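Trainee: Show me the folded form of this:
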Amino acid sequence: MQTLATASIRRSDAIGLLDIGTSKTICLIIPPPGAQGSGLWRRDGAGVMGCGVAATRGLKAGVVIDMEGAEQALRAAVTQAELAAGVTLNQVLVAVTGGRLKSLSFEAEARVADGIVSDADVDRLEDAGRDYAQHDGHTLLHLAQIGYRLDDAGGVSNPRGMAGDLLAADFHAVTAEEGPLRNLLHVVERAFLVPTGMVPAPHASGLAATSDEERRAGVTCIDMGAGTTTLSMFAEGHLLAVDTVAVGGHHVTFDIARSLATPIMEAERIKTLHASVEEGAAEDDELISFAASGAITGESERGLNETTKAELHEIVAPRITDLLTQAAERIERSGVAHLAAHRIVLTGGSSQLKGLGQFAEDLLGQPVRVGHPELADGVPVAYCNPIFSTAIGLIPIALDPAARLTGRSARGERESAGYLARVSQWLRHGF
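Mentor: Next up, the predicted model:
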């Protein structure tokens, strides 16, 4: 049954937010900016009208490998969210994890046409940055100005109206390979949805799991998903770098299944209920009973095996150490570690492993905390779970036209919409 709030929102107005992950697909529905909704969750005037979650099939490390399986999961999550919201979705903002996200930092410069910086001069500079970032089969997902310089004078926040001859800017861009992105967008379109924007998933999860103060002071967010672990690095309020480690929570599950000779589903249960990297876990002799592989098929008379928490720790700790070591190497290679690695925030479903915060702090040598999406009035506790970080981080991006897709002005947003329309046409003809 529609409420007065949802009934007043037309089909084309409600905004869907999609986080299509390796293990789960999440769809949130929010009203458009300025709508007088009575949603569950408030940030910048938006309320979550509906939420849907479905187990994902057909993705590996954020890349579509089974179109039909991915589509079914997406449809299930969207239908659930639509029923909860009482609206039918048309447009969606999509978080992108796969496609080998590439982070670029570079400088662009342009001559000031009339000696006074105008919008046209700034747009020309951004066009130069866009052209540089988007090449070699990569699609631009994010482009932001870190700062301007005018005639070699730095620290300019807004050069419009200022006198000068040479305008320069430092840019940060995030791109993804065209092929995997094309397949992801095709899954969205098969569900009769229009992708109106694409966002690097680590950017969204970083916004949800870290505070404004942390992003100004310098912070790295490590989002530990099922198939991949993504990194987003911030300083002075800007996203400075992203990266991906091809290891996630599923790898811990596989290690447990292989070491204990138990089915994957049983290994996942063991990990969720008993796995720990807490200090003292390596000496914990408490017994854990679990189903042996043969118990599922009836081949085992006994049906159950046993292990100890200490033995489980010996399986889990090396994989988590490897994951965090790889993350530390990516942070060091980013070139912005001196700005963004003073503190670490862990989020994502796999960040809920017992004792992980202290374990990571000891290993990385930096302050570490496990980050949850912000708790606000009216937010169901379930929404504050780290598994929702990417989806909830899409909300402020969806409500800020300047931040959507490439971080450009309204003019740039229209160009982006044109690009996405061309992508839609390309998908329809290409498949």
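
Trainee: which phi and psi does the closest residue to A226 other than its chain neighbours have?
Mentor: Closest residue to A226 apart from its sequence neighbours, by CB to CB, 6 or more residues apart in numbering: S23 at 3.6 Å. All C-beta spots, glycine's among them, are computed from the backbone N, C-alpha and C. Dihedral pair for S23: phi -110, psi -20, per degrees, to the nearest 10.

Trainee: show me what contacts S23?
Mentor: 55-56, 225-227, 249-250, 349 (CB atoms under 8 Å, 6 or more residues apart in numbering).

Trainee: centroid residue for this structure?
Mentor: Nearest to the geometric centre of the chain sits A201, at 2.2 Å (CA atoms, centre = their mean).

Trainee: What about H238, how many residues nearby?
Mentor: 18 (other CB atoms under 10 Å).

Trainee: right, and it touches H172 too?
Mentor: Yes - in this structure, H238 is within contact of H172 by CB atoms under 8 Å, at 6.9 Å.

Trainee: Find residues that contact each of the two.
Mentor: 144, 146.

Trainee: And the residue nearest to A226, what's its pLDDT?
Mentor: S23 carries a pLDDT value of 92.

Trainee: just use 53 as the starting number from now, easier for me
Mentor: Sounds good: first residue 53 from here, last item S75.

Trainee: now it: how far from E318?
Mentor: Distance from S75 to E318, counting by CB to CB, to the nearest Å: 16 Å.

Trainee: before we move on, what about D188?
Mentor: 44 Å.

Trainee: Give me the more crowded residue out of the two.
Mentor: E318 (20 against 8).

Trainee: Return the residues in contact with the closest residue to the more buried one other than its chain neighbours.
Mentor: Counting by CB to CB, 6+ apart, the nearest residue to E318 once its immediate chain neighbours are dropped is A343, at 4.8 Å. Contacts for A343 (CB under 8 Å, 6+ apart) come out as 314-315, 318, 355-357.

Trainee: which of those residues has the most neighbours?
Mentor: T314 (23 neighbours).

Trainee: wait, isn't G68 in contact with I81?
Mentor: Yes - with contact defined as CB under 8 Å, G68 reaches I81; the gap is 5.6 Å.

Trainee: I'd guessed A389 sits against A380; true?
Mentor: No - applying CB under 8 Å, one finds A389 not in contact with A380, separated by 9.1 Å.

Trainee: Give the residue from the two that has the larger number of neighbours.
Mentor: Neighbours per residue, other CB under 10 Å: of A389 and A380, the larger number sits with A380, 22 against 18.

Trainee: How far away from the center of its chain is the helix or strand hosting the more buried one?
Mentor: Assigned by DSSP states H and E, A380 belongs to helix 361-385. Centroid separation for helix 361-385 versus its chain: 21 Å, with CA atoms, centre = their mean, to the nearest Å.

Trainee: Pull out the buried positions in it.
Mentor: 361, 363-365, 367-369, 371-372, 375-376, 378-380, 382-383 (16 or more other CB atoms under 10 Å).

Trainee: Likewise for stretch 267-274?
Mentor: 267, 269-274.

Trainee: picking that back up, who's the residue nearest to E318 bridged to?
Mentor: L356 (DSSP bridges).

Trainee: how far away is it from V246?
Mentor: With CB to CB as the criterion, A343 and V246 are 45 Å apart.

Trainee: With G73 instead?
Mentor: 21 Å.

Trainee: for G189, same thing?
Mentor: G189 is 24 Å from V246, by CB to CB.

Trainee: before we move on, what about S386?
Mentor: 34 Å.

Trainee: Look at those two and report which has more neighbours.
Mentor: Using other CB under 10 Å as the criterion, S386 and V246 rank with S386 on top: 21 against 16.

Trainee: Quick check: chain neighbours aside, which residue is closest to the more buried one?
Mentor: Distance criterion CB to CB, 6+ apart; nearest residue to S386, sequence neighbours excluded, is A293 at 4.3 Å.

Trainee: Please name the residues that touch that neighbour.
Mentor: 155, 157, 224, 283-285, 386-388, 392.

Trainee: next one: D307
Mentor: 367-368, 371 are the contacts of D307 under CB under 8 Å, 6+ apart.

Trainee: before we move on, what about G206?
Mentor: Per CB under 8 Å, 6+ apart, neighbours of G206: G199.

Trainee: Okay, buried residues for stretch 181-201 please.
Mentor: Buried residues in stretch 181-201, defined by neighbour count with 16+ other CB under 10 Å: 181-182, 185-186, 190-198, 200-201.

Trainee: Of all pairs in those residues, which one is the farthest apart?
Mentor: Greatest spatial distance among the buried residues of stretch 181-201 (CB to CB): T191 and R201, at 28.1 Å.

Trainee: which residues of the stretch 153-302 of the chain fall in strands?
Mentor: 154-163, 190-202, 205-208, 218-229, 246-252, 271-276, 281-287, 290-297 (DSSP state E, counting those that start in this stretch).

Trainee: Comparing the ones you listed by mean pLDDT, which bottoms out?
Mentor: Mean pLDDT is lowest for strand 205-208 among the strands of the stretch 153-302 of the chain, at a mean of 84.

Trainee: strands paired with that one, and their directions?
Mentor: Strand 205-208 has the following sheet partners, assigned by DSSP bridges: strand 190-202 (antiparallel).

Trainee: where do the helices sit along the chain?
Mentor: Taking DSSP state H as the criterion, the chain carries its helices at 56-59, 119-137, 171-185, 230-242, 253-261, 264-269, 301-312, 316-326, 345-349, 361-385, 389-392, 408-416, 441-450, 462-482.

Trainee: can those go into JSON lines with extra columns for distance to H424?
Mentor: Formatted as JSON lines, the helices of the chain follow (distance: least, CB to CB, whole Å):
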{"stretch": "helix 56-59", "distance to H424": "27"}
{"stretch": "helix 119-137", "distance to H424": "21"}
{"stretch": "helix 171-185", "distance to H424": "33"}
{"stretch": "helix 230-242", "distance to H424": "27"}
{"stretch": "helix 253-261", "distance to H424": "7"}
{"stretch": "helix 264-269", "distance to H424": "14"}
{"stretch": "helix 301-312", "distance to H424": "17"}
{"stretch": "helix 316-326", "distance to H424": "17"}
{"stretch": "helix 345-349", "distance to H424": "35"}
{"stretch": "helix 361-385", "distance to H424": "19"}
{"stretch": "helix 389-392", "distance to H424": "20"}
{"stretch": "helix 408-416", "distance to H424": "12"}
{"stretch": "helix 441-450", "distance to H424": "8"}
{"stretch": "helix 462-482", "distance to H424": "31"}
